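Visitor: Generate a structure from the sequence data that follows.
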Amino acid sequence: MSSAVQVTAKKYDIVIVGGGMVGSALACALGNNTLKIALIEGHEPLTKWPKDSFDLRVSAISPASKAFFETLGAWNAIHEMRATAYTEMHVWDAGGNGSIHFDSAEIGEANLGHIIENRIINKALIDRAHTFDNIDIYCPNTPTNLQLDDNFAKLQLDDGTLLQAKLLVGADGGQSWVRQQADISVTVNDYQQTAVVANITTEYAHQYTAWQRFLPSGPLAFLPVSKNNISSIVWSTHAEEAKRLCELNETAFKQELEIAFEKKLGKILHTGPRARFPIKGQHAKNYVKPHLALIGDAAHTIHPLAGQGVNLGFADAQCLADIVLAAHTAHKPIGTFKTLRRFERTRRGDNLLMLEAMGVFKKLFSNNTPGLRELRNIGLDVSDCATPIKHFFMEKALGR
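Guide: Here you go, the predicted model:
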């Protein structure tokens, strides 16, 4: 006669599935208190790389996100590794002469934000999470089963470990397993574009400026990632064109990139490896259920043309941490729908507004329709001359 082995669940207050940038930021925000936290990540984070190498994926980090990193105690580590401040932004339209120029000095700020490699942010946050006694990190581990009941969330891991939590947070990306297991649907805005990313070296210095040209097929951005003349490009275009661009030899790719960018920074001297990924906007119908919450890309993804996607995720993490800690301090349950609904009400409106705005911008600029082309060029020029409008855009970009 045989009997099944009863697995005893390890009890936590909060279990976070996804140890990427947003999930690890939430863990750090919940560190150093009496809450017991588990952070689950399926892949060992990259912690070492050649000093002269650059990550293919970078993020434009707003001053609001930088301030969040400072409160987490992670900013100094990020800055020591590499964080390039940009003070200006030039945007212009390939279909006309319309353009707009943003300068942080106009609003009395030192910069508009920082361009930081994703691997640097992730390493700094994971390293910081390891310093908190109330955080257990399960890595590499992936969840295999999720159960939600009236009192708890239960999560089974691939090695048989069973975790029980008052609150389970899905921070596991755009294809969120947690969201799917919780049967939360998403609305999808397929931008019908694919982003080509690479690190490039230009003849002239980038001037600590973010450059973006709107082409009929999609925006092309040059983002400063290091001193002098090294930039990261994000070239959004049709899927077939993205595939073709990635398959070109370096000489041919440099020539096409120079033409597309109008040689604003002179010749393209060198391009590193290229990669491509599809761009889709999506928004979860719900962010929360009893004992469950979604943050970051698990809840929403947007077009990268404004560089705000990950900043929305960090704002999610900060908001959820604040609400949970306030409930805990007041001796109120942290996983009830009533508590979590405050998070959803606070964040959903801002995220939806940004998602819709990026969809409108993409439709407005990624075409060559007569009439509309002239209208958007006039709009760029008018916005460039109208100080209040420019300042409004800059304040939103700063995360205020």
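Visitor: so where's the stretch 201-350 of the chain shaky on pLDDT?
Guide: Along the stretch 201-350 of the chain, segments meeting pLDDT under 70 span 305-307.
Visitor: Strands of that one, residue ranges please.
Guide: Taking DSSP state E, counting those that start in this stretch as the test, the strands found in the stretch 201-350 of the chain are 209-215, 218-224, 230-237, 268-271, 275-284, 288-289, 292-294, 300-301.
Visitor: Quick check: which helices or strands does the fifth one pack against?
Guide: Going back to what we said before, that points to strand 275-284. strand 186-202, helix 239-247, strand 300-301, helix 337-365 (3 or more C-beta pairs under 8 Å, 6 or more residues apart in numbering; DSSP states H and E). Where C-beta positions appear, they are placed from N, C-alpha and C, glycine not excepted.
Visitor: again, only this time at 10 Å
Guide: With contacts defined as 3 or more C-beta pairs under 10 Å, 6 or more residues apart in numbering; DSSP states H and E, strand 275-284 has these neighbours: strand 186-202, strand 230-237, helix 239-247, strand 300-301, helix 337-365.
Visitor: Indicate which one of these is closest to residue 279.
Guide: strand 186-202 (4.7 Å; C-beta to C-beta).
Visitor: circling back to that earlier point, quick check: which of the helices and strands packed on strand 275-284 is nearest to residue 35?
Guide: helix 337-365 (13.4 Å).
Visitor: Give me the angle between that closest one and strand 275-284.
Guide: Put simply, helix 337-365 runs at 130 degrees to strand 275-284, going by axes from the mean of the first three to the mean of the last three C-alpha atoms, to 10 degrees.
Visitor: ok so, going back, so which of the helices and strands packed on strand 275-284 is the most packed in?
Guide: Mean neighbour count (mean count of other C-beta atoms under 10 Å) peaks for strand 300-301 among the helices and strands packed on strand 275-284, with a mean of 26.
Visitor: in its sheet, what does it sit against?
Guide: Strand pairing for strand 300-301, using DSSP bridges, gives strand 275-284 (antiparallel).
Visitor: quick one: buried residues of the strand it pairs with?
Guide: For strand 275-284, the neighbour count (16 or more other C-beta atoms under 10 Å) marks 276, 279, 280, 281, 282, 283, 284 as buried.
Visitor: then it to PDB, C-alphas only?
Guide: Only the C-alpha atoms of strand 275-284 are listed here, as PDB (Å, rounded to 0.1, in the frame of the first residue of the first chain):
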ATOM      1  CA  ALA A 275      17.700  41.800 -32.800                       C
ATOM      2  CA  ARG A 276      14.000  42.300 -33.500                       C
ATOM      3  CA  PHE A 277      10.800  41.900 -31.500                       C
ATOM      4  CA  PRO A 278       7.100  42.400 -32.300                       C
ATOM      5  CA  ILE A 279       5.300  45.500 -30.900                       C
ATOM      6  CA  LYS A 280       1.800  45.100 -29.400                       C
ATOM      7  CA  GLY A 281      -0.200  47.200 -27.100                       C
ATOM      8  CA  GLN A 282      -2.300  45.200 -24.700                       C
ATOM      9  CA  HIS A 283      -4.300  46.000 -21.500                       C
ATOM     10  CA  ALA A 284      -5.600  43.600 -18.900                       C
END
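Visitor: What is the burial count for residue 108?
Guide: 6 (other C-beta atoms under 10 Å).
Visitor: Looking at it now. What's its pLDDT?
Guide: Here the pLDDT value assigned to residue 108 is 84.
Visitor: The residue positioned nearest the centre of the chain and residue 179: what is the separation?
Guide: Centroid-nearest residue in the chain, with C-alpha atoms, centre = their mean: residue 310, separated by 2.0 Å. For residue 310, the distance to residue 179 equals 18 Å [C-beta to C-beta, to the nearest Å].
Visitor: cool, residue 201 as well?
Guide: Counting by C-beta to C-beta - residue 201 and residue 179 are separated by 40 Å.
Visitor: Over to residue 308?
Guide: The value you get for residue 308 to residue 179, if C-beta to C-beta is used, is 21 Å.
Visitor: ok, which stretches of the stretch 1-150 of the chain are helices?
Guide: Per DSSP state H, counting those that start in this stretch, the stretch 1-150 of the chain carries helices over the ranges 21-29, 63-72, 75-81, 118-129.
Visitor: Isn't residue 211 up against residue 100?
Guide: No: using C-beta atoms under 10 Å, residue 211 is not in contact with residue 100; the gap is 12.0 Å.
Visitor: ok, how many other residues are close to the spatially closest residue to residue 37 that is not a sequence neighbour?
Guide: Spatially, and ignoring its direct neighbours in sequence, residue 37 is nearest to residue 135 (4.6 Å; C-beta to C-beta, 6 or more residues apart in numbering). Other residues near residue 135 come to 23 when the count uses other C-beta under 10 Å.
Visitor: got the helices and strands packed on strand 275-284 as CSV, with distance to residue 41 columns?
Guide: Shown next, in CSV, are those (distance: least, C-beta to C-beta, whole Å):
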stretch, distance to residue 41
strand 186-202, 23
strand 230-237, 25
helix 239-247, 28
strand 300-301, 20
helix 337-365, 22
